[in-house]
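Participant: Build me a model from this:
(one chain, ligands or ions: 1)
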Amino acid sequence: MLELRGISRSFGDRLVLDDVSFTVGRGRLTGFVGGNGAGKTTAMRIVLGVLAAHAGRVTIDGEPVTGPQRSRFGYMPEERGLYPKMQLVEHLTYLARLHGFEKRAATDRAEALVERLGLAARATDPVESLSLGNQQRAQVAAALVHDPEVLVLDEPFSGLDPMAVEVVQGVLAERAAQGVPVLFSSHQLDVVERLCDDLVIIAGGKVCAAGTREDLRRRYGAERHEIVAEDDMGWLRDVPDVRVDELAGGSAVFEASQDVAQHVLTAALARGPVRAFTPLRPTLAEIFRDVVTDEPALEEVAR
Ligand SMILES: Nc1ncnc2c1ncn2[C@@H]1O[C@H](COP(=O)(O)OP(=O)(O)OP(=O)(O)O)[C@@H](O)[C@H]1O
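Facilitator: Numbers count the residues shown, from 1 in each chain. The predicted model follows:
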């Protein structure tokens, strides 16, 4: 398990990470979510040792991370850095060799990854000639080519079309299934929601929520319910402790506690048939809105 414990970091007199603690479990995909400037990249750089923390520590299985261990981490940095003139497989082979693989093994790994990431037709193209989405896939391949023991990826899904998102998702999930702790940041809440086992939500340099996706759904987000009745549901607006979010004839979506929702159901049944009554699970976007109070509007975050 990778753990950040009490990490703080300032730039000048500006505190950008304030006592940040969270874990990234083995075999888990952990999504790191937060608005622009929340501190995600800074925290990831500290995990990789590219940047020093001013307080706190990063441990792996309870022990402080050492230099040799860090060299076996896979990192996809925010600033993408591949040599533009090098051919794709040649480049990945070169990176694998830097990590100590023999030539044959390095080439085999590079070719297998290129194939797995759907880039086989581009294997001998110079990196600079790849489309932006394919360059992004190539960056993911670069982070994976030495079979890392920990994976940290800064926005691996940005700029990918939905097919490429699926491919990269699949590759990361495979690594996680092999026991690798995987931490990735993303602004794409729908992707994070679909893919992650665990989530860390950060705002203004502080972790404001962390846990499994199901945990967060239970702990945060309004309790919402959908009801579809034969008769008009207009009366719902007058029920105390109910907030009506949507109302169209007999269909309504409302926020209320479990007890009040049961009361609404009973009242609706007393008026006529009820066709559907469903608790709605909060989406990550709703949870995010709930826990991040002083961040930019969600639309800005998702952009
Ligand atoms: N080298 C630096 N010098 C000064 N300030 C910095 C430096 N690096 C980051 N910051 C500041 O630290 C804060 C956190 O930045 P960081 O890049 O970690 O956020 P982020 O969550 O990754 O944001 P984004 O989603 O926009 O990439 C920002 O206010 C940023 O301006």
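
Participant: ranges for the helices of the stretch 1-150 of the chain?
Facilitator: Secondary structure of the stretch 1-150 of the chain by DSSP state H, counting those that start in this stretch: the helices cover 40-48, 67-70, 88-98, 103-116, 132-144.

Participant: packing partners for the fourth one?
Facilitator: I take that to be helix 103-116. helix 88-98, helix 132-144 (3 or more Cβ pairs under 8 Å, 6 or more residues apart in numbering; DSSP states H and E). C-beta coordinates here come from the backbone N, C-alpha and C atoms, glycine included.

Participant: out of the helices of the stretch 1-150 of the chain, which comes closest to residue 216?
Facilitator: Ranking those by proximity to residue 216 (Cβ to Cβ) places helix 40-48 first, at 17.2 Å.

Participant: neighbouring contacts of that closest one?
Facilitator: With contacts defined as Cβ atoms under 8 Å, 6 or more residues apart in numbering, helix 40-48 is touched by 2, 4, 7, 9, 16-17, 20, 32-34, 51-53, 58, 65, 70, 73, 75, 77-78, 152, 154, 183, 185, 202.

Participant: filter those by proximity to the ligand?
Facilitator: By Cβ under 6 Å from any ligand atom, the members of the contacts of helix 40-48 lying near the ligand are 16, 34.

Participant: could I get the helices and strands packed on helix 103-116 as JSON lines with distance to the ligand and mean pLDDT?
Facilitator: JSON lines is the format used below for the helices and strands packed on helix 103-116 (distance: least, Cβ to the nearest ligand atom, whole Å; pLDDT from 0 to 100):
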{"stretch": "helix 88-98", "distance to the ligand": "24", "mean pLDDT": "94"}
{"stretch": "helix 132-144", "distance to the ligand": "15", "mean pLDDT": "92"}
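
Participant: would you turn the ones you listed into a markdown table with distance to residue 42 and mean neighbour count?
Facilitator: Formatted as a markdown table, the helices and strands packed on helix 103-116 follow (distance: least, Cβ to Cβ, whole Å; neighbours: other Cβ atoms under 10 Å):
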| stretch | distance to residue 42 | mean neighbour count |
| --- | --- | --- |
| helix 88-98 | 25 | 21 |
| helix 132-144 | 19 | 21 |
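
Participant: Kindly write the ChimeraX command that selects the buried subset of the contacts of helix 40-48.
Facilitator: Here is the ChimeraX command that picks out the buried ones among those, judged by 16 or more other Cβ atoms under 10 Å:
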select :2,4,7,9,16,17,20,32,33,34,53,58,65,70,73,75,77,152,154,183,185,202
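
Participant: Per the annotation, how does the protein divide into domains?
Facilitator: 2-218, 222-281 (automatic domain parsing).

Participant: Could you tell me the end-to-end distance of the last one?
Facilitator: By Cα to Cα, to the nearest Å, the extent of domain 222-281 from end to end equals 9 Å.

Participant: State whether residue 226 is indeed within a strand.
Facilitator: Yes - under DSSP: H, G, I helix; E, B strand; the rest coil, residue 226 falls within a strand.

Participant: Near residue 155, how many other residues are there?
Facilitator: 22 (other Cβ atoms under 10 Å).

Participant: Regarding it, what is its secondary structure?
Facilitator: Quick answer, by three-state DSSP: residue 155 is coil.

Participant: Need the nearest residue in space to it, chain neighbours excluded.
Facilitator: In this structure, residue 155 finds its nearest non-sequential neighbour in residue 185, 5.6 Å apart by Cβ to Cβ, 6 or more residues apart in numbering.

Participant: where's that neighbour relative to residue 260, distance?
Facilitator: Using Cβ to Cβ, to the nearest Å, we find residue 185 at a distance of 38 Å from residue 260.

Participant: ditto for residue 22
Facilitator: 34 Å.

Participant: Between those two, which has more neighbouring residues?
Facilitator: residue 22 (22 against 17).

Participant: Which pLDDT value goes with the more buried one?
Facilitator: Here the pLDDT value assigned to residue 22 is 96.

Participant: Over to the one 10 residues further on?
Facilitator: On pLDDT, residue 32 comes in at 95.

Participant: Low-confidence ranges, the stretch 201-303 of the chain, go.
Facilitator: Where the stretch 201-303 of the chain drops to pLDDT under 70, the residues are 293-303.
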